[in-house]
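Student: Sequence and predicted structure are below.
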Amino acid sequence: MAIDYLVLMQKYLAPADIAKIKKLALTKSWWDTIDGLDRVIGMIALVYPEVNDTLLAWSKDDNIWLRRIAIDHQLLRKEKTNTVLLEEILVNNLGQPDFFINKAIGWSLRDYSKTNPDWVRAFIKQYQNRLSPLSIKEASRYIKI
């Protein structure tokens, strides 16, 4: 219910709300709650680019759920995707053994492949030795690599 409320109120959210959302993310974390929060955080970051520094820090955090938010916060942005930030966040998570991280990497790349398949192909080619098979499988669902 809290996530649904945040989605409804997201146009009123600001960088000052990130700490509270982080606390929510760290309370009884699981993929379904985190995948709701990543879009809320993503909207804040789109309006307030200074939040990108926080997401970059989260992409290196010991907590996998904060990493997952960072990886997937740009889902559905299409042409508004910050590819420099996306690449840095993804590279920070390559070689991770965690299923939820590797799935998120693939999901993020798959989503962006609908907008810029050439960028995703180039990313996969450049980092193929460090990407997990799951990430590659998910990323290439809509494109040929």
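Tutor: Great, that's in hand.
Student: surely Thr115 meets Leu76?
Tutor: No. Proximity of Thr115 to Leu76 does not meet the contact threshold set by C-beta atoms under 8 Å, at 9.7 Å. Backbone N, C-alpha and C define where each C-beta goes, glycine included.
Student: Can you give me the pLDDT of the one residue sitting closest to the centre of the chain?
Tutor: Here the mean C-alpha position of the chain is nearest to the C-alpha of Asp72 (C-alpha atoms, centre = their mean), at a distance of 1.7 Å. As summarised for this prediction, Asp72 has a pLDDT of 98.
Student: Now the element after the helix or strand harbouring Ile89, going C-ward?
Tutor: Secondary structure assigned from DSSP states H and E places Ile89 in helix 83-93. Scanning forward in sequence from helix 83-93 by DSSP H and E, the next helix or strand is helix 99-113.
Student: ok, and for that next one, which residues are buried?
Tutor: Within helix 99-113, the residues scored as buried using 16 or more other C-beta atoms under 10 Å are 100-113.
Student: Can you add distance to Asp61 and pLDDT and give these back as TSV?
Tutor: Formatted as TSV, those follow (distance: C-beta to C-beta, whole Å; pLDDT from 0 to 100):
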residue	distance to Asp61	pLDDT
Phe100	14	97
Ile101	11	98
Asn102	16	98
Lys103	18	98
Ala104	14	98
Ile105	15	98
Gly106	20	98
Trp107	19	97
Ser108	17	98
Leu109	21	98
Arg110	23	98
Asp111	22	98
Tyr112	22	98
Ser113	26	98
